[in-house]
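In: Okay, predicted coordinates and the sequence, questions at the end:
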Amino acid sequence: MSQKLQRLIGKAPHVKSHRLPPYRGIVAVDAKDFTGHRSIQHPEISRVIPGLLQHSLNRAKLADVWEDRRFPASTGDGYVFGCDPAAIPFLIHPWLGALQETLTEFNVHSAGTIRLRLRVSLHIGPLPDDGAESDGNGTPRNDTHRLLDSRPVKMMLAASSENVTQVAAILSDRCFEDAVAGGYTGRHPDHFVEVPATVPGKVFAQRAWLHVPAPSGNLYDRRILGDRVIDELESAPATPTAPAPTSAADRPARTSTVYRVDRGFQNNGQVHGGQTWNDHSGDRERGDR
């Protein structure tokens, strides 16, 4: 029996106890609509993404996170690396904001040649990291990529303005509870929206949290709040636009629908476009969404 096979058998789960691998923060990014670019542009996009990540980390005064990154790898349309989990609060803030600023500048200066908007996934978990080729492989790494491919974060970026919002981030529940709810990051929990993260065609469903450093468009639409309303939206037939009412008497009665999510958020969406958010703390933000 080969030594490799013996090691594989020795790692069988639930046979004997093993030491936990070290905990690592995991950062993964994907470019929106990568396949929508011409094939000749794909290598250039793959090459430029790590440079943008490094520049944004330097901008956020987190150069050491890039220098000390663990098991880094290009994914073709993105990039993934591990880090000291103590850095996660700083990757949430200020790094996500610095990445937004870096991409904004890049897109302006690229003059439409290549436009990049990124989804970001942040997670924490035990992963092997001892210098072997298999470093970084494990369930936390898989879950990080599933979160990155989940429907809510994709819809969040799609629903925003490409002229304003360049980054949409999704945090695992463990990442949120440890870094945000624990008070270690410079962003209040109310900057995040809880969502059920699912991936079409995959057996995956987890509680997760969305954050957009530069919101725009209709980002608080009910479509991001769960699969049922997403399914309804995707299956609904297109309806022709009705002419605008000419007088108050012609307008239909205004109706409200209330959608609730955890942490006390209440979204009162008017059919005719007005929307109010109430976090039950006495503060209310109004605006057309």
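Out: Received, thanks.

In: Against residue 133, how distant is residue 73?
Out: Computed as C-beta to C-beta, to the nearest Å, the residue 73 to residue 133 distance reads 11 Å. Heads up, the C-betas are built off the backbone N, CA and C, glycines and all.

In: let me fix that: residue 100
Out: 34 Å.

In: Compare these two and say which is more crowded by neighbours.
Out: residue 100 (23 against 7; other C-beta atoms under 10 Å).

In: Can you give me the distance of that one to residue 165?
Out: Residue 100 is 8 Å from residue 165, where distance means C-beta to C-beta.

In: Show me whatever sits in contact with both of the two.
Out: residue 214 (C-beta atoms under 8 Å, 6 or more residues apart in numbering).

In: Next, the buried residues of stretch 135-154.
Out: Neighbour counts over stretch 135-154 (16 or more other C-beta atoms under 10 Å) mark 135-136, 138, 140-141, 143-154 as buried.

In: Wait, a strand at residue 170?
Out: Yes: counting by DSSP: H, G, I helix; E, B strand; the rest coil, residue 170 is located in a strand.

In: show me the contacts for the closest residue to it other than its chain neighbours.
Out: Nearest non-adjacent residue to residue 170, counting by C-beta to C-beta, 6 or more residues apart in numbering: residue 153, 4.2 Å away. Going by C-beta under 8 Å, 6+ apart, residue 153 touches 119, 121, 147, 168, 169, 170, 197, 210.

In: Buried by neighbour count, from the residues you listed: which ones?
Out: Neighbour counting with 16+ other C-beta under 10 Å marks 119, 121, 147, 168, 169, 170, 197, 210 as buried within those.

In: for those, which one is nearest residue 14?
Out: Nearest to residue 14 among the buried ones among the contacts of residue 153: residue 147, at 26.4 Å, using C-beta to C-beta.

In: Could you find the closest non-adjacent residue to that closest one?
Out: residue 121 (4.4 Å).

In: That neighbour contacts residue 144, correct?
Out: Yes: at 5.0 Å, residue 121 counts as touching residue 144 under the criterion of C-beta atoms under 8 Å.

In: Now for those two: what residues contact both?
Out: Shared contacts of residue 121 and residue 144, counting by C-beta under 8 Å, 6+ apart, come down to 26, 28, 172.

In: neighbours around the first one, how many?
Out: Per other C-beta under 10 Å, the neighbour tally for residue 26 reads 28.

In: Check the gap between it and residue 45 for me.
Out: Distance from residue 26 to residue 45, by C-beta to C-beta: 22 Å.

In: Same check on residue 141?
Out: As judged by C-beta to C-beta, residue 141 and residue 45 stand 22 Å apart.

In: so residue 129, which of the three states?
Out: Assigned state for residue 129: coil (three-state reduction, three-state DSSP).

In: OK, contacts around residue 87?
Out: Applying C-beta under 8 Å, 6+ apart, we find residue 87 in contact with 25, 62, 65.

In: my read is it is in a helix, agree?
Out: Yes: under three-state DSSP, residue 87 sits within a helix.

In: pLDDT on the helix or strand that contains residue 154, on average?
Out: Taking DSSP states H and E as the criterion, residue 154 maps to helix 151-158. When pLDDT is averaged over helix 151-158, the result is 91.

In: Am I right that residue 135 is in contact with residue 69?
Out: No: using C-beta under 8 Å, residue 135 makes no contact with residue 69, being 11.6 Å away.

In: Enumerate every residue touching residue 158.
Out: Applying C-beta under 8 Å, 6+ apart, we find residue 158 in contact with residue 32.

In: Equivalent analysis for residue 162, please.
Out: 115, 117.

In: what does the one 10 residues further on give?
Out: With contacts taken as C-beta under 8 Å, 6+ apart, residue 172 has the following neighbours: 121, 122, 123, 124, 143, 144, 147, 206, 208.

In: run the last query once more with 6 Å
Out: Counting by C-beta atoms under 6 Å, 6 or more residues apart in numbering, residue 172 touches residue 123.
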